[in-house]
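Colleague: what's the 3D shape of this:
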Amino acid sequence: MRSTRKLVTKPTPKLGNVRLLAAALFGILSLNAGAAESLPPPPSSSYQPPLAAVPMNQIIQQQLYPQLEYLFDKMVAEKDNFTLDGVAALKSNDKFLQGKIAVGLTHVLLNMRKGDPRLPERLRQFRAIADMTIGMDNQTWGIHYYLTALYQLKQAGLLEQAVSPATLAALRAKLDWRHFVTQPDFQLIRLPTNYYGVAFSVARLRMLLGWEDDSGANILLDKMMEHYNTYSGKFGFSDETAGEGRFDRYSILLIAEICERFIETGLTVTRELKALLRKAADVALNIANTSGDGFTFGRSLGPYGETAALEILSVSAYLGVLTPEEKQYAYAYSTRIVARYVDFWYNPAMHSVDMWGQGRRTDAYRAKHRILGENFSLAHQFIFTSEFWSKAGMEDAQPKADLQAWLDRTRPRFSLVRFAQGQYDRALAIYRDRHHNFSLLMVNGGGGQYDNSPYYPLPFATGIVAGIPDSGAEHPQLLPKFRLVDGTELIGASYIKDIRSSSEGNQASVSYRQDELARLGGKAPTPDDRIRLETTYAMAPGVIVRTDKYTPKVPVEVARASLEFASFSDGATVQGKKVNFAQGDAVSFEVEGLDSCAVAPTRGAEPFRSPTGAMRSLVSCATSNFTFSKPLTIRWTLTYR
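Modeller: Model (predicted):
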């Protein structure tokens with residue numbers, strides 16, 4: 001064990017340390033050697049969807065409906081043996097699939113004109129598929145989707161032709177909110193609190209189908225709003241947990257979903273709900289861009305990070321929450337989201353959305369066994385949001401071509417959205433620099449997510465900084481990790497306090513402190529107060545600097561302090577503790593406060609794949625075996641094009 005040194009300076013790297021780091025990186029990254037040749041280009045904020053100038057509803061008609069027709073025909077032909085890209089989809093244990101099939105195929109029926117000679121045969125085929133799938137497990141969201149389909153068929157006068165009496169009777173028993181809400185106390189059964197919205201919608205749709213009165217729906221509406229008011233606080237964004245501090249894209253989306261449930265079941269959206277929706281719309285406009293990217297942080301992203309922004313803005317336009325000018329440009333951004341889906345996310349070779357190949361990675365929740373349901377649920381989201389836009393007066397509208405200029409002129413370069421204040425602060429800082437949007441998330445992922453990098457306090461940005469689904473903290477993205485001699489591992493991820501920000505001109509800064517670091521190894525974080533942390537982010541055009549000042553409460557024996565950056569850029573070379581990249585949005589990455597750095601290509605290794613594609617390079621810096629008794633500053637500087 002060596003004595004404490006002044007680690008805040010730039011010591012000359014010890015050759016032995018560099019060699020040890022390089023050897024460790026080679027061991028990690030040789031797992032998938034040779035995979036890089038098959039990887040597509042990395043994601044970039046400079047991407048432009050080819051169909052960005054085509055009206056949204058035309059993209060839906062020309063691109064999405066043929067995909068639904070293909071799946072419809074394939075289900076008719078293959079029946080129980082239906083497969084999609086090698087997945088036996090009807091035997092995949094997707095607990096929402098039955099409802100997603102129903103709502104997806106219903107869109108095909110409703111898109112056919114009443115005099116279409118193909119309609120009677122499609123109705124017969126739908127009836128056969130409904131009979132075939134009646135025995136499938138179907139839960140929560142799947143129940144909601146199926147009831148949505150049945151209600152739309154009823155409104156169109158097609159229900160009796162599309163569903164046999166026996167199957168409809170069985171569905172009436174199966175499609176019930178009581179399967180996931182207790183009686184008589186109306187508590188959710190092992191579900192996150194946002195599922196009150198699903199339960200309310202199920203009860204309301206059952207009432208509209210004539211299957212029950214409105215008493216259950218009224219109670220569930222109260223429960224839904226009670227939860228929202230309790231866990232959204234004065235700022236209006238919903239905690240995904242019962243107060244643990246997990247805020248993500250769903251926290252911003254939820255108010256739009258609540259408004260959607262009101263609209264689809266014939267209720268009037270109140271002034272209070274519209275005011276909350278306006279807050280969500282501001283966030284969606286602040287992350288808007290010409291690439292069609294959406295939210296870049298939190299779990300279950302892929303195209304759902306984009307449809308979240310699409311839903312928020314479409315229902316905001318429909319309800320008149322946006323100004324006339326905002327509506328025009330929100331539509332242009334939303335059209336780019338749809339255009340991005342059919343070009344970037346849809347894979348013609350698979351006849352499917354692709355969230356699992358081409359270097360992409362999902363969390364377990366959206367694993368590939370759900371491939372069929374993901375196709376149907378995404379198509380459903382695009383279709384109903386397009387209908388909102390059409391009802392808002394934008395049917396066949398030509399998207400504005402000067403979206404970037406409008407964003408630069410009207411949206412703030414820097415904004416801080418607070419989610420919660422109290423024992424801990426939770427917030428989202430958004431920094432806009434040309435075509436780049438950085439979303440600095442400062443929350444606690446809570447049980448099951450706190451150690452996953454999509455919930456780290458990082459400046460997420462397409463092509464520059466991304467989290468890795470279900471990553472754990474073996475390779476914590478851009479967060480220093482301390483492994484103590486006693487075996488404890490600590491990162492600064494959960495206990496954020498005193499968030500402060502400032503901005504002037506084209507520069508901004510955000511600071512916060514953590515009196516405890518998060519101890520790793522458990523399902524939920526455990527506070528460990530042996531080391532305190534003060535963090536400052538400084539953001540300016542082309543550069544982001546994070547400075548961490550760590551202060552030990554008492555002397556601590558550290559086995560290893562490390563920092564890693566999985567980057568989409570490649571062609572990396574290292575000079576001391578600065579890594580330069582030849583290709584990609586990131587130009588350089590420099591570290592101060594640690595002994596040595598090394599870099600190696602990832603070669604597409606699974607631990608370094610993001611929702612949008614594989615990282616190309618892994619930078620790893622470390623200091624080993626020291627007594628930590630005085631403040632230590634670790635700083636990284638990231639420059640980008």
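
Colleague: What's the mean pLDDT across stretch 262-282?
Modeller: Mean pLDDT, computed over stretch 262-282, is 95.

Colleague: The closest residue to residue 364 other than its chain neighbours and residue 445, how far apart?
Modeller: The spatial neighbour of residue 364 that comes closest, neighbours along the chain excluded (Cβ to Cβ, 6 or more residues apart in numbering), is residue 470 at 5.9 Å. From N, CA and C alone the C-beta is placed, and that goes for glycine too. Noted for residue 470: a distance of 12 Å to residue 445, by Cβ to Cβ, to the nearest Å.

Colleague: go on, residue 106?
Modeller: Taken as Cβ to Cβ, the span from residue 106 to residue 445 is 36 Å.

Colleague: One more: residue 274?
Modeller: Distance, residue 274 to residue 445, using Cβ to Cβ: 30 Å.

Colleague: Looking only at neighbour counts, state which of those two leads.
Modeller: Ranked by neighbour count (other Cβ atoms under 10 Å), residue 274 and residue 445 place residue 445 first, with 28 against 17.

Colleague: Hmm, the residue nearest to residue 364 is touching residue 363, no?
Modeller: Yes: assessed by Cβ atoms under 8 Å, residue 470 is found in contact with residue 363 at 4.7 Å.

Colleague: Need the overlap of contacts for these two.
Modeller: Jointly contacting residue 470 and residue 363 under the rule Cβ atoms under 8 Å, 6 or more residues apart in numbering are residue 452.

Colleague: what kind of secondary structure is residue 60 in?
Modeller: Judged by DSSP: H, G, I helix; E, B strand; the rest coil, the three-state class of residue 60 is helix.

Colleague: Got the phi and psi for the residue nearest to residue 364?
Modeller: When read as degrees, to the nearest 10, the backbone of residue 470 gives phi 50, psi 40.

Colleague: which residue ranges form the helices in the stretch 301-450 of the chain?
Modeller: Ranges of helices within the stretch 301-450 of the chain are 304-318, 324-340, 371-389, 403-410, based on DSSP state H, counting those that start in this stretch.

Colleague: Give the closest residue to residue 285 in space, chain neighbours not counted.
Modeller: Nearest one to residue 285, counting by Cβ to Cβ, 6+ apart, is residue 411 at 6.1 Å.

Colleague: coming back round to it: show me whatever sits in contact with both of residue 470 and residue 445.
Modeller: residue 452.

Colleague: residues near the closest residue to residue 104 other than its chain neighbours, how many?
Modeller: Sequence neighbours aside, residue 376 is the residue nearest to residue 104 in space, at 3.1 Å (criterion: Cβ to Cβ, 6+ apart). Here the count is done by other Cβ under 10 Å, and residue 376 has 25 residues near it.

Colleague: Could you check how far the nearest residue to residue 313 once chain neighbours are set aside is from residue 438?
Modeller: Excluding its sequence neighbours, the residue lying closest to residue 313 (Cβ to Cβ, 6+ apart) is residue 330, at 4.4 Å. Distance of residue 330 to residue 438, computed by Cβ to Cβ: 21 Å.

Colleague: With residue 205 instead?
Modeller: Residue 205 is 40 Å from residue 438, by Cβ to Cβ.

Colleague: And residue 463, by the same measure?
Modeller: 11 Å.

Colleague: Poorly predicted segments of the protein, please.
Modeller: 1-37 (pLDDT under 70).

Colleague: Check the chain and tell me which residue is nearest its centre.
Modeller: residue 301 (3.0 Å; Cα atoms, centre = their mean).

Colleague: mind listing what that one touches?
Modeller: Applying Cβ under 8 Å, 6+ apart, the residues contacting residue 301 are 249, 294-295, 454, 469, 611.

Colleague: of all those, which comes closest to residue 156?
Modeller: The closest of the contacts of residue 301 to residue 156 turns out to be residue 294 (Cβ to Cβ; 31.2 Å).

Colleague: Excluding chain neighbours, what is closest to the closest one?
Modeller: residue 306 (3.4 Å).

Colleague: gap between the two ends of stretch 591-602?
Modeller: 20 Å (Cα to Cα, to the nearest Å).

Colleague: roughly how far is that stretch from the heart of the chain?
Modeller: 29 Å (Cα atoms, centre = their mean, to the nearest Å).

Colleague: and if you look at stretch 234-251?
Modeller: That offset, for stretch 234-251, works out to 14 Å (Cα atoms, centre = their mean).

Colleague: How about stretch 361-378?
Modeller: Offset of stretch 361-378 from its chain centre (Cα atoms, centre = their mean): 13 Å.
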